[in-house]
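1. Turn this into a model:
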Amino acid sequence: MHKFTVTINEEFAADTAEEAALLMYQELTNRPPPLSYSVTDEAKITTGLTLDRKKADEFASVDHTADPGNW
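-> I've put the predicted structure just below:
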């Protein structure tokens, strides 16, 4: 299995880094999860991805840990 770093890219106007992080946390608790991500693989190649909300919600509703392909 490969490892990826997934980053959410959002801009916030804030006085400190901690305030910006808290604003991001507030956004995550008050709205649906974001759909745009940057994904970096083990070779340090970064790809920008925007997910389809319907497909993402469908994927999230399934327990993928039960898939033998994940073992």
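2. Show me the helices in this protein, by range?
-> Remark: helices assigned in the chain by DSSP state H are 17-30, 53-60.
3. Any chance of a markdown table for those, columns mean pLDDT and mean neighbour count?
-> Where you see a C-beta, it was placed from the backbone N, CA and C, and this is true even at glycine. Below are the helices of the chain laid out as a markdown table (pLDDT from 0 to 100; neighbours: other C-beta atoms under 10 Å):
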| stretch | mean pLDDT | mean neighbour count |
| --- | --- | --- |
| helix 17-30 | 95 | 12 |
| helix 53-60 | 93 | 11 |
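4. Quick one: closest of these to V39.
-> With C-beta to C-beta as the criterion, V39 lies closest to helix 53-60 of the helices of the chain, at 13.7 Å.
5. could you dump the closest one to PDB, C-alpha only?
-> Taking C-alpha atoms only, helix 53-60 is exported to PDB below (Å, rounded to 0.1, in the frame of the first residue of the first chain):
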ATOM      1  CA  ARG A  53     -19.700  15.400  -4.000                       C
ATOM      2  CA  LYS A  54     -22.100  12.500  -4.900                       C
ATOM      3  CA  LYS A  55     -19.300  10.000  -5.500                       C
ATOM      4  CA  ALA A  56     -17.400  11.200  -2.400                       C
ATOM      5  CA  ASP A  57     -20.400  10.800  -0.200                       C
ATOM      6  CA  GLU A  58     -21.100   7.300  -1.600                       C
ATOM      7  CA  PHE A  59     -17.500   6.300  -1.000                       C
ATOM      8  CA  ALA A  60     -17.600   7.700   2.500                       C
END
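6. what packs against that helix?
-> Here helix 53-60 touches no other helix or strand, going by 3 or more C-beta pairs under 8 Å, 6 or more residues apart in numbering; DSSP states H and E.
7. Can you tell me what sits against that helix?
-> The contact list for helix 53-60, computed with C-beta atoms under 8 Å, 6 or more residues apart in numbering, reads P32, P33, L35.
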